[in-house]
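1. next input, structure requested:
(one chain, ligands or ions: 2)
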Amino acid sequence: MVTTRIPTTPFSDQRPGTSGLRKKVTVFRQPRYVENFIQSIFDTVEGAAGATLVIGGDGRFFNDSVIQTAIKMAAANGFGRVLVGQKGLLSTPAASCVIRKHKAIGGLVLSASHNPGGPDGDFGIKFNMSHGGPAPESFTEAVFKRASAITEYRIADEPDIDLSRIGQVKVGDMTVEVIDPVADYAELMERLIDFDKIAALFRSGFRMRFDALNAITGPYAKAILEGRLGAPAGTVVNGEPKPDFGGHHPDPNPVHAHDLMELMHGPDAPDFGAASDGDGDRNMIVAPGLFVTPSDSLAILTSYAHLAPGYAKGLAGVARSMPTSRAADRVAAKLGISCFETPTGWKFFANLLDAGLITLCGEESAGTGSNHIREKDGLWAVLLWLNILAVLEKPADRIVREHWAAFGRDYYTRHDYEELETAPANALMDTLRAKLPTLPGQRFAGLTVQACDDFAYTDPVDGSVTPKQGIRILFKEDARAVFRLSGTGTSGATLRVYLERFEPSASRHDLPTAEVLAPVVQAANEIADIAGRTGRDKPSVVT
Ligand code: VG1
Ligand code: CO
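-> Ligands and ions are numbered 1, 2, ... in the order given. This is a model prediction of the structure:
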């Protein structure tokens, strides 16, 4: 093998965000951009020589080209073996599963998740550690530092390899194994979830729709739901991964998965509806006539996870990201287990999972997962729901309503202001931060501020402190508003405003969310002067 050392100069913008380095495809296509970032990762990984590396992506535009580059660079950097999904495909949860199962040193996950794809869309590269989870900030900061000073990268001068067939090939001294992207993942699901019970449920006439949104979960959902569990053909729709996701946002929320929402709210609604995102780590759950908020879904799964074989012994604890509603906290209190509150982003759950402090975790952004891997897992959440439905033999909407009756309902909504100019968005946050000491006791839209802070997280396992993770404002009326800037956007800034209000009384559990939250929305807008500072009179997306 001929290894070439190519001189290069740094790019100044290779700092990973909430979930890896995410940029426009046009940025990634600049000469040496991909190579610089991958070399910086390889320079930061300890013990690469002879080790196993996993490579896979969500199949979006540019995936195929970056995979070939990554393989040749892995060979030139001394890795012993690369496991790569057939056609370059691996969902994010499957990549995490493969890393753990095959004791890899880590993995490159090529994805921009729920962001749109195509030549004008987004691309991303993320490194996951040997535990299968996203690299912690100490690692991503080291990569950024390295990328800011890089002078050369190494690449094997070899032809592209054929990723269409399962099998082994050599690139120099390194072995490349092209693996079935679904097999290891499906085997893990079968150990955690009662497949027989779900198969019996489908045999009894239960119907569902799974919308893969033209993204990576199509092959997984078809193999597991239609293949192993016997759901009727056609249960999975939009099941062929497309490089541009059919021109849509592969984001499973009521706005971008509107077809599923319409079906589930119409006269022909099946018993259960679900969707996943670009890279397969998110899940959306829709009961007939009722969208289940991800925060409620986490709480309900926490209540009933013990009904699935993988969780029969009960849960060690649960965690949620700070902006996620407090519904799971109430279930944890009832179960007598701890509930941790972490910053946004899956990387913060890994330590808690590794230390055995939690079994389940989730985020308001449609992410739910468990200790089975170190990523959130869309299809797993759907299978756990199906397992619960099969055991309880109750309609999904009834399970949700009974949950509210027992624990109260957290009305919840998120307002996103996308593609803001960066400077005014930062100014909005800075001004809000400066105002915090004066807010307690003040009234806005009939609500009184009880407490407020800028969320800082101290990791209970390694003691690391992560400051400035979002501003939270708690109102006396059991309502909350949280403000933070997105770390996954690729143009300008995105302001996320998370709004919620707790309603204990069952007689008030069937009100329109927008109506219940109107005062909280108004208070949040007033406190942060959103309209004045952004020039927007309404959010770009409401979920
Ligand atoms: C968003 C979500 C966050 C999620 C992250 C990655 O981050 O809010 O909860 O973990 O995306 O999800 P941000 O910084 O834009 O709010 V995925 O499915 O893109 O890997
Ligand atoms: Co995702």
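
2. averaged pLDDT, stretch 194-203. What do you get?
-> Over the span of stretch 194-203, the pLDDT mean works out to 98.

3. of all the residues in that stretch, which ones are buried?
-> For stretch 194-203, a neighbour-count test (16 or more other Cβ atoms under 10 Å) marks 194, 195, 197, 198, 201, 202 as buried. (C-beta placed from N, C-alpha, C; glycine too.)

4. can you tell me what sits against it?
-> Contacts made with stretch 194-203 from outside it, assessed by Cβ atoms under 8 Å, 6 or more residues apart in numbering, are listed as 189, 228-232, 308-309, 383, 386-387, 389-391.

5. 7 Å - rerun?
-> Judged by Cβ atoms under 7 Å, 6 or more residues apart in numbering, the contacts made with stretch 194-203 from elsewhere in the structure are 228, 229, 230, 231, 308, 309, 386, 387, 389, 390, 391.

6. which ones among those residues map onto helices?
-> With DSSP state H as the criterion, helices contain 386, 387, 389, 390, 391 from among the contacts of stretch 194-203.

7. C-alpha coordinates for the one helix or strand residue 405 maps to, CSV please?
-> With elements delineated by DSSP states H and E, residue 405 resides in helix 396-407, which encompasses its position. The C-alpha atoms that make up helix 396-407 are tabulated as CSV, following Å, rounded to 0.1, in the frame of the first residue of the first chain:
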residue,chain,number,x,y,z
ALA,A,396,-52.4,3.7,22.8
ASP,A,397,-54.5,6.8,23.4
ARG,A,398,-56.0,5.2,26.5
ILE,A,399,-52.6,4.5,27.9
VAL,A,400,-51.7,8.2,27.5
ARG,A,401,-54.9,9.4,29.0
GLU,A,402,-54.6,7.1,32.0
HIS,A,403,-51.0,8.3,32.4
TRP,A,404,-52.2,11.9,32.6
ALA,A,405,-55.0,10.9,35.0
ALA,A,406,-52.5,9.3,37.3
PHE,A,407,-49.7,11.8,37.1
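
8. how far does that helix sit from the chain's center?
-> On the basis of Cα atoms, centre = their mean, to the nearest Å, the separation between the geometric centre of helix 396-407 and that of its chain is 25 Å.

9. with adjacent residues omitted, what lies nearest to residue 280?
-> If the residues on either side of it in the chain are set aside, residue 280 comes closest to residue 91, at 3.1 Å by Cβ to Cβ, 6 or more residues apart in numbering.

10. OK, contacts around that neighbour?
-> Taking Cβ under 7 Å, 6+ apart as the criterion, residue 91 is in contact with 58, 216, 217, 220, 279, 280.

11. I figured the first one was touching residue 216, is that so?
-> Put plainly, it is residue 58. Yes - counting by Cβ atoms under 7 Å, residue 58 touches residue 216, with 4.4 Å between them.

12. between the two, who's got more neighbours?
-> residue 216 (36 against 32; other Cβ atoms under 10 Å).

13. ligand 2 versus residue 509, what's the distance?
-> Plainly put, residue 509 is 31 Å away from ligand 2 if you go by Cβ to the ion, to the nearest Å.

14. that residue - how many residues pack around it?
-> Taking other Cβ under 10 Å as the neighbour definition, residue 509 ends up with a count of 16.

15. and for residue 158?
-> Other residues within reach of residue 158 by the criterion other Cβ under 10 Å amount to 18.

16. tell me who's in contact with it.
-> Applying Cβ under 7 Å, 6+ apart, one finds that residue 158 lies in contact with 1, 72, 75, 171, 172.

17. out of the contacts of stretch 194-203, which is most surrounded?
-> Of all these, residue 386 has the most neighbours under the rule other Cβ under 10 Å, reaching 27 neighbours.

18. that one: what's it in contact with?
-> Contacts for residue 386 (Cβ under 7 Å, 6+ apart) come out as 198, 201.

19. re the thing from before, and the next helix or strand after the helix holding residue 405 with ligand 1, contact?
-> Counting by DSSP H and E, the element after helix 396-407 in chain order, helix or strand, is strand 409-420. No - judged by Cβ under 6 Å from any ligand atom, strand 409-420 stays clear of ligand 1, getting no closer than 8.6 Å.

20. packing partners for strand 409-420?
-> strand 493-503, helix 513-528, strand 541-542 (3 or more Cβ pairs under 7 Å, 6 or more residues apart in numbering; DSSP states H and E).

21. out of these, deepest packed?
-> strand 493-503 (a mean of 22; mean count of other Cβ atoms under 10 Å).

22. which neighbouring elements make contact with that strand?
-> strand 409-420, helix 422-435, strand 479-485, helix 513-528.

23. quick one on the thing from earlier: what two of the buried residues of stretch 194-203 are the furthest from one another?
-> By the measure Cβ to Cβ, 194 and 202 form the most distant pair in the buried residues of stretch 194-203, at 12.7 Å.

24. returning to that earlier point: switch the ones in helices among the contacts of stretch 194-203 over to TSV; also include distance to residue 495 and pLDDT.
-> Putting those into TSV (distance: Cβ to Cβ, whole Å; pLDDT from 0 to 100) gives the following:
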residue	distance to residue 495	pLDDT
386	36	98
387	38	98
389	37	98
390	41	98
391	41	98
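
25. need the nearest residue in space to residue 23, chain neighbours excluded.
-> If the residues on either side of it in the chain are set aside, residue 23 comes closest to residue 490, at 5.5 Å by Cβ to Cβ, 6+ apart.

26. looks to me like the one you found is in a strand.
-> No - read with DSSP: H, G, I helix; E, B strand; the rest coil, residue 490 is coil and lies in no strand.

27. list the residues that contact it.
-> Contacts of residue 490 (Cβ under 7 Å, 6+ apart): 22, 23, 24, 115, 122.

28. residue 231 reaches residue 224, doesn't it?
-> No - between residue 231 and residue 224 no contact is recorded; they are 9.0 Å apart, counting by Cβ under 7 Å.

29. near ligand 2, which residues of the stretch 51-200 of the chain show up?
-> residue 113 (Cβ under 5 Å from the ion).

30. try 6 Å
-> In this structure, the stretch 51-200 of the chain approaches ligand 2 at residues 92, 113, 114, judged by Cβ under 6 Å from the ion.

31. between those, which is closest to ligand 1?
-> Distances from those to ligand 1 were compared by Cβ to the nearest ligand atom; the smallest belongs to residue 113, at 2.8 Å.

32. how is this protein carved up into domains?
-> Taking automatic domain parsing as the domain assignment, the record places the domains of the chain at 3-179, 185-407, 409-542.

33. now do the SS call for the residue in the chain that ligand 2 sits nearest to.
-> In the chain, no residue comes nearer to ligand 2 than residue 113, which is 3.1 Å away by Cβ to the ion. Following three-state DSSP, the label given to residue 113 is coil.

34. which pLDDT does the model give residue 490?
-> Per-residue confidence for residue 490 comes out at a pLDDT of 80.

35. anything in stretch 451-460 near ligand 1?
-> No - using Cβ under 6 Å from any ligand atom, stretch 451-460 never reaches ligand 1; the gap is at least 13.4 Å.

36. how far off centre is that stretch?
-> 22 Å.
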